[in-house]
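>>> A predicted structure for the sequence below; I have some questions about it.
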Amino acid sequence: MLNNPLVEVQHLQKTVSAHSGLLNILSDINFAIYTKETIAILGASGSGKSSLLSIMAGLDPEYEGSVLLFGQELKDLNEDQRSALRKNDVGFVFQSFLLIPELNAFQNICLPLEISGHLNSQSIDFAKTLLARVGLSDRSNHYPATMSGGEQQRIALARAFISKPKILFLDAPTGSLDTDNGKKVIELLFELNQDLGTTIVMVTHDTEVSQQCDRVLTLKAGCLV
């Protein structure tokens, strides 16, 4: 690919203190991620997958080496600067959904736009389109407590895409879903990737899902293999 990478990782090291001394979470990791790519991060529990995702997303600035997001070195930015960098161009989908209980489905989807001050008639129409795309137009006024896990995850996915981010980070997006709902979420994820051109980076344990991605990054004991 000829375009500049959205994410560039060079000689990344992550070390934490443990009772037995220093523990290497990530060791000499090197790769780049480009526009519109779909990337799966595989590895056993404890291999460093979620740590790598958090660092790339600017949630954890405590590392050695270099991690560039949109050309900016993340560890050189303070919390406010990292937040501003993520504001409109980075989306997240967490395994626990993290929907706001007091907001209904439609309000949860619109929340990022309301926070950023970009909620207008055009964005509201797009939110309605996303709600239809996730197959939940009839659940617009329902609150998270009255929705199934699969429905909540689809709302979380729509919320992540509402700002049309350049890159979307997902931590085990189907980990707590049954097979059918998991497949629906993944199908929708790839559809939105194609339609909106959003780069997808997901931690997954599902090799079937990873085979659908452009590339797979496999971690073993903190090393890229």
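Perfect, I can see it now.
>>> Count the residues that sit near E62.
Neighbouring residues of E62 were enumerated by other CB atoms under 10 Å; the total is 10. To be clear about C-beta, it is placed using only N, CA and C from the backbone, and glycine gets the same treatment.
>>> Helices along this protein, start to end?
Here the chain has its helices, by DSSP state H, at 49-56, 79-86, 105-116, 121-133, 149-161, 179-196, 207-210.
>>> Contacts for the third one next, please.
Under the criterion CB atoms under 8 Å, 6 or more residues apart in numbering, residues 87-88, 99-100, 103, 119, 123-124, 127-128, 130-131, 136, 139-144, 147, 151, 155-156, 158-159, 162-163 lie in contact with helix 105-116.
>>> Any chance of JSON lines for the helices of the chain, columns mean neighbour count, mean pLDDT and distance to I39?
Converted to JSON lines, the helices of the chain look like this (neighbours: other CB atoms under 10 Å; pLDDT from 0 to 100; distance: least, CB to CB, whole Å):
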{"stretch": "helix 49-56", "mean neighbour count": "23", "mean pLDDT": "94", "distance to I39": "10"}
{"stretch": "helix 79-86", "mean neighbour count": "14", "mean pLDDT": "92", "distance to I39": "18"}
{"stretch": "helix 105-116", "mean neighbour count": "19", "mean pLDDT": "91", "distance to I39": "22"}
{"stretch": "helix 121-133", "mean neighbour count": "16", "mean pLDDT": "92", "distance to I39": "22"}
{"stretch": "helix 149-161", "mean neighbour count": "24", "mean pLDDT": "88", "distance to I39": "16"}
{"stretch": "helix 179-196", "mean neighbour count": "16", "mean pLDDT": "84", "distance to I39": "11"}
{"stretch": "helix 207-210", "mean neighbour count": "15", "mean pLDDT": "89", "distance to I39": "9"}
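>>> Now tabulate those helices in a markdown table and tack on distance to E8.
Listed next are these as a markdown table, based on distance: least, CB to CB, whole Å:
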| stretch | distance to E8 |
| --- | --- |
| helix 49-56 | 10 |
| helix 79-86 | 14 |
| helix 105-116 | 26 |
| helix 121-133 | 30 |
| helix 149-161 | 23 |
| helix 179-196 | 21 |
| helix 207-210 | 22 |
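>>> Ok, which of those comes nearest V93?
helix 149-161 (4.9 Å; CB to CB).
>>> Determine the set of other helices and strands touching the closest one.
Contact analysis of helix 149-161 by 3 or more CB pairs under 8 Å, 6 or more residues apart in numbering; DSSP states H and E lists strand 90-93, helix 105-116, helix 121-133, strand 167-171, helix 179-196 as its packing neighbours.
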